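In: what's the 3D shape of this:
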Amino acid sequence: MARVPAGDAFSERQQEDIVRAIRLARQQSQLSVSVYVGTLEGDTRAMALRLHGAIGKDSGRSVLVAVDPGARRVEIVTGLDVRRRLDDRAAGLAAMTMTSAFQGGDLAGGIANGVLALAEHAHVPKSLHTDAH
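Out: This next block holds a predicted model:
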């Protein structure tokens, strides 16, 4: 899910780039990624946690990237299941990827690259295959 403000925040192409990055992240890492771009009022971390909780029953298996362009804030919230695959260091690196692009004026590119960085760092759980021979 990508929740971005309508209007002049992103061009259609930029929105497509973000949605494509989310899709690629899901394919590459099996991460369920949501992106919120808008005002994070008050305590930005608390607001991001509320947004992540609003995902519902799938929040444990998802990661939320919340970006407040006006406050120049990025919050990454990982569900309980995701934390086993994506640690704080990896989330921090993805946030740095985003903020450096934001400083260069590339909000959409920063978000897309950050989402892809999260997918790169997420460890895909190994499955045991049992063959009945």
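
In: Next up, the contacts around Ala95.
Out: Residues near Ala95 by Cβ atoms under 8 Å, 6 or more residues apart in numbering: Val74, Ile76, Gly114. Every residue, glycine included, has its C-beta placed from N, CA and C.

In: Could you do Leu116 as well?
Out: By Cβ under 8 Å, 6+ apart, the contact list for Leu116 reads Ala21, Leu24, Ala25, Gln28.

In: what's the closest of those residues to Gly92?
Out: Nearest to Gly92 out of the contacts of Leu116 is Ala25 (Cβ to Cβ; 17.1 Å).

In: quick one: the closest one and Leu118 touch, right?
Out: Yes - the pair Ala25 / Leu118 is scored as a contact, 6.4 Å apart, by Cβ atoms under 8 Å.

In: so what sits against both of these two?
Out: In contact with both Ala25 and Leu118: Leu31, Val33, using Cβ under 8 Å, 6+ apart.

In: Please give the element, helix or strand, for the residue sitting nearest the centre point of the chain.
Out: For the chain, the residue sitting closest to the mean C-alpha position, by Cα atoms, centre = their mean, is Val65 at 3.5 Å. Using DSSP states H and E, Val65 sits in strand 62-68.

In: any idea of the mean pLDDT for that strand?
Out: For strand 62-68, the per-residue pLDDT values average out at 95.

In: other SSEs contacting the very next helix or strand once past it?
Out: Counting by DSSP H and E, the next helix or strand C-terminal to strand 62-68 is strand 73-78. If contacts are counted by 3 or more Cβ pairs under 8 Å, 6 or more residues apart in numbering; DSSP states H and E, strand 73-78 sits against helix 44-53, strand 62-68, helix 88-103.

In: Now rank the contacts of Ala95 by neighbours and give me the top one.
Out: Using other Cβ atoms under 10 Å as the neighbour criterion, Gly114 leads the contacts of Ala95 with 30 neighbours.
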